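Student: Build the 3D model from these lines:
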Amino acid sequence: MSPSSTRPVYRIASIPGDGIGPEVISTGITVLKKLAAVLGTFDLQFDHFDWSSDYYKKYGRYIPEGGLEELKKYNAIFFGAVGAPDVPDHISLWSLRLALVQPLQHYANVRPTRVLRGITPPLTSTATNPQNLDWVIIRENTEGEYAGQGGRTHVGQPWEVATEVAIFTRHGIERLMRFAFETAQKRKRKKLCVVTKSNAQRSGLVLWDEVAKIVGREFPDVEWDKMLVDAMTTRMVLHPETLDTIVATNLHADILSDLAASLAGSIGIAPTSNLDPTRANPSMFEPIHGSAFDLVGKGTANPVGTFWTAAEMLRWLEEETAADGLMECIENVTERGVRTADLGGNAGTEEVTREVCEEIERVCGGKGGRVADGSGREALESGEY
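Tutor: Model (predicted):
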């Protein structure tokens, strides 16, 4: 179907990156194109950027000159992964992912977590009551422990010193806290947990706590509490039903969100949105599983995290019906038992992708973009932000 002048066309910058990134981003694009074709209510145009560790080894940089300005022409960025065995991790991370997130002001990293239908989580309590695990983790994404301040002196000497300085600004904390409270306010339970470590980090995270308290006064309908990050790990495992929306620093949320994904079944299903809530810059969407070089070329990588990420990208583009429909199709497939090895199944990447595409034809075809009531709508309500 040729693009219609009466429906929107979204330009998406595809950056597959390293490892299984190209594999899963390819499947994500396949599913997105199928969904757009079946619904017929919007069009997607993908342009591919080969910024990767291979590009770095060839040219000495991950992002070419003018690359950031080029990205600003797009509605969104669809990102795979970065990291290769023969490039130090701090070089790849800081030269690509963080080199995009920080200047594009993606200060809100959003990671929804819940148990998808048909997936058995590792803890018996959650498996019996999967509704108990339904969270949105909001991670400060541009400063804090990953501010990039520090250095090394007297390298190689016994008295060598290395510093890594966490930077917390009132402006950075305030905008992130306001986003977190707004997110909690939109969800059914209107609950927020502020994760901290202010007992030990007596400057930056005391400011973090103080700003949370100030912003919280603007949201009297949001019930919120504060918890030290070490205690938070046990609360997530033992009392998941007490949590809903969670906000934490760059480092703390990075760790906690991996725990959350594992508690929901696998890190292979987990999505990420790197958002500029002002919409001045295109936001970036990526599965959280990383480059996973041990899976490259085997056809076993789980594409569900990429599909869920694609749904979050559509939601950010205000294509709610499409996002809702895609989540319905994903869960219909996982519920039928079509799952990759990390979820206890034996399906490969291509099989899961094919099944989701066929489910899109069945669920979304001929409905003018309307999706049946049920888990898809519940997914929209529980993951809305």
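
Student: Any figure for the gap between residue 284 and residue 309?
Tutor: Distance of residue 284 to residue 309, given as Cβ to Cβ, to the nearest Å: 10 Å. No exception for glycine: its C-beta is placed from N, CA and C like everyone else's.

Student: ok, which stretches of the stretch 1-150 of the chain are helices?
Tutor: 21-39, 53-59, 67-71, 89-92, 98-101, 124-128 (DSSP state H, counting those that start in this stretch).

Student: Would you convert these into a markdown table that also reports mean neighbour count and distance to residue 344?
Tutor: Below are those laid out as a markdown table (neighbours: other Cβ atoms under 10 Å; distance: least, Cβ to Cβ, whole Å):
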| stretch | mean neighbour count | distance to residue 344 |
| --- | --- | --- |
| helix 21-39 | 22 | 19 |
| helix 53-59 | 15 | 31 |
| helix 67-71 | 15 | 38 |
| helix 89-92 | 14 | 30 |
| helix 98-101 | 20 | 33 |
| helix 124-128 | 14 | 12 |
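
Student: now those as a markdown table including distance to residue 288?
Tutor: Below are the helices of the stretch 1-150 of the chain laid out as a markdown table (distance: least, Cβ to Cβ, whole Å):
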| stretch | distance to residue 288 |
| --- | --- |
| helix 21-39 | 11 |
| helix 53-59 | 19 |
| helix 67-71 | 21 |
| helix 89-92 | 15 |
| helix 98-101 | 13 |
| helix 124-128 | 19 |
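
Student: and residue 252, which of these is closest to it?
Tutor: helix 98-101 (16.8 Å; Cβ to Cβ).

Student: can I see the domain layout of the chain?
Tutor: 1-107+266-385, 121-264 (automatic domain parsing).

Student: Reformat those domains as JSON lines; add mean pLDDT.
Tutor: JSON lines is the format used below for the domains of the chain (pLDDT from 0 to 100):
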{"stretch": "domain 1-107+266-385", "mean pLDDT": "90"}
{"stretch": "domain 121-264", "mean pLDDT": "97"}
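
Student: Show me the one of the ones you listed that comes nearest residue 113.
Tutor: domain 121-264 (4.2 Å).

Student: and among the domains of the chain, the most buried is which?
Tutor: Of the domains of the chain, the one with the most neighbours on average (mean count of other Cβ atoms under 10 Å) is domain 1-107+266-385, at a mean of 19.

Student: How far off centre is it?
Tutor: Chain-centre distance of domain 1-107+266-385: 9 Å, with Cα atoms, centre = their mean, to the nearest Å.

Student: what do you get for stretch 180-191?
Tutor: 18 Å.

Student: Now do it: distance from first to last residue.
Tutor: 10 Å (Cα to Cα, to the nearest Å).

Student: Name the residues that touch it?
Tutor: 110, 136, 138, 192, 194, 215-216, 218-219, 221-224, 243-245, 247, 381-382, 384-385 (Cβ atoms under 8 Å, 6 or more residues apart in numbering).

Student: still on that earlier bit, what is in contact with residue 284 and residue 309 at once?
Tutor: Here residue 284 and residue 309 share the contacting residues 78, 273, scored by Cβ under 8 Å, 6+ apart.
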